[in-house]
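K.L.:
Quick one, structure for this:
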Amino acid sequence: MKPARTLIVSAVFLAIAAGVAVWLYPRLPAQVPVHWNPHGRIDRYGPRGWVAAMPALLIAGIAVLTVLLPAISPRRFEIAPFARVYGLLMLVIQGMFLVIGLSVLLVGAGYPLPVPAIAMLAIGALFMVLGNYMGKLRKNFFVGIRTPWTLSSDAVWERTHRMGGWLFMLGGLVAVVATLAGAPWWIALSALIAAALLPVAYSFWIYRTHGCD
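P.N.:
Here you go, the predicted model:
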């Protein structure tokens, strides 16, 4: 996706977040629920103003990073070779924060939504999208599986991201299916943690066993 189109979509996300916040603000209590424990019970609250503004602030912050990171990338680690994928992934991250943030605001305004389930579904979907495009990422300091071993070797980077792509897609799929099926929360969480950590160990193993440098 071209940078201009990426910013247009970000602006739409930002307008939605701001519009919903303004609409719901009069109905929000002084302290809005912002966190739920593993049993689905609210265990943390936040000030109404900050909670209402947070989705828009997160989207705006990621939009700024979308523009800033390519501009500050060092030589040989440029984002330009995969700019389309980079822009798409940054939009998906913004979309995840938009969905979770708006669900929190809706609950605060009195709508009975299962925020923990919505958040897990959004994160699982994010993992699946990341996994689908991970193999197209090229070595850089900001996006992807950045370990000392992937950053030191193009071969390790490529092999790790091919494997990581499958693991992210699988972990995200397990999280989504487990959540929709009403399985215990730790199954979805374990799948996501495994998908995130196994590629790190794999990058070290590839580096050491294949002598990549």
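
K.L.:
pLDDT below threshold where in this structure?
P.N.:
For the chain, residues meeting the criterion pLDDT under 70 lie at 1-2, 211-213.

K.L.:
hey, where'd the helices end up in it?
P.N.:
With DSSP state H, the ranges of helices along the chain come out as 3-24, 48-72, 83-108, 115-133, 148-152, 154-180, 185-210.

K.L.:
Including distance to Lys139 and mean neighbour count, could those helices go into a markdown table?
P.N.:
All C-beta atoms are positioned from the backbone trio N, CA, C, and that covers glycine. Supplementary listing: the helices of the chain in a markdown table, determined by distance: least, CB to CB, whole Å; neighbours: other CB atoms under 10 Å:
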| stretch | distance to Lys139 | mean neighbour count |
| --- | --- | --- |
| helix 3-24 | 21 | 16 |
| helix 48-72 | 14 | 17 |
| helix 83-108 | 13 | 20 |
| helix 115-133 | 15 | 20 |
| helix 148-152 | 7 | 18 |
| helix 154-180 | 5 | 20 |
| helix 185-210 | 12 | 17 |
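
K.L.:
Adding distance to Phe141, write those helices out as a markdown table.
P.N.:
As requested, the helices of the chain are exported to a markdown table (distance: least, CB to CB, whole Å):
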| stretch | distance to Phe141 |
| --- | --- |
| helix 3-24 | 19 |
| helix 48-72 | 9 |
| helix 83-108 | 13 |
| helix 115-133 | 17 |
| helix 148-152 | 7 |
| helix 154-180 | 12 |
| helix 185-210 | 15 |
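
K.L.:
can you tell which of those helices is closest to Phe142?
P.N.:
When these are ranked by proximity to Phe142, the top entry is helix 48-72, at 4.8 Å, counting by CB to CB.

K.L.:
which other residues reach that closest one?
P.N.:
Contacts with helix 48-72, where a contact means CB atoms under 8 Å, 6 or more residues apart in numbering, come from 3, 6-7, 10-11, 13-14, 17-18, 20-21, 24-25, 28-32, 34, 78-80, 83, 86-87, 90, 93-94, 97-98, 100-102, 104-105, 108, 142-143.

K.L.:
now swap in stretch 102-120 and tell me
P.N.:
16-17, 20-21, 24, 27-29, 32-34, 36, 40, 48, 51-52, 55, 99-100, 175-176, 179, 185, 188-189.

K.L.:
Could you do stretch 29-41 as well?
P.N.:
When contacts are defined by CB under 8 Å, 6+ apart, stretch 29-41 is touched by residues 42-48, 51-52, 104-105, 107-108, 114-116, 185-186.

K.L.:
For the one residue sitting closest to the centre of the chain, which residues are in contact?
P.N.:
Most central residue of the chain, judged by C-alpha distance to the mean C-alpha position with CA atoms, centre = their mean, is Ile93 at 4.3 Å. Listed by CB under 8 Å, 6+ apart, the contact partners of Ile93 are Ile62, Leu126.

K.L.:
ok, Glu78 - how many residues close by?
P.N.:
Residues within reach of Glu78, counting by other CB atoms under 10 Å, total 14.

K.L.:
Right, I'll call it a day here.
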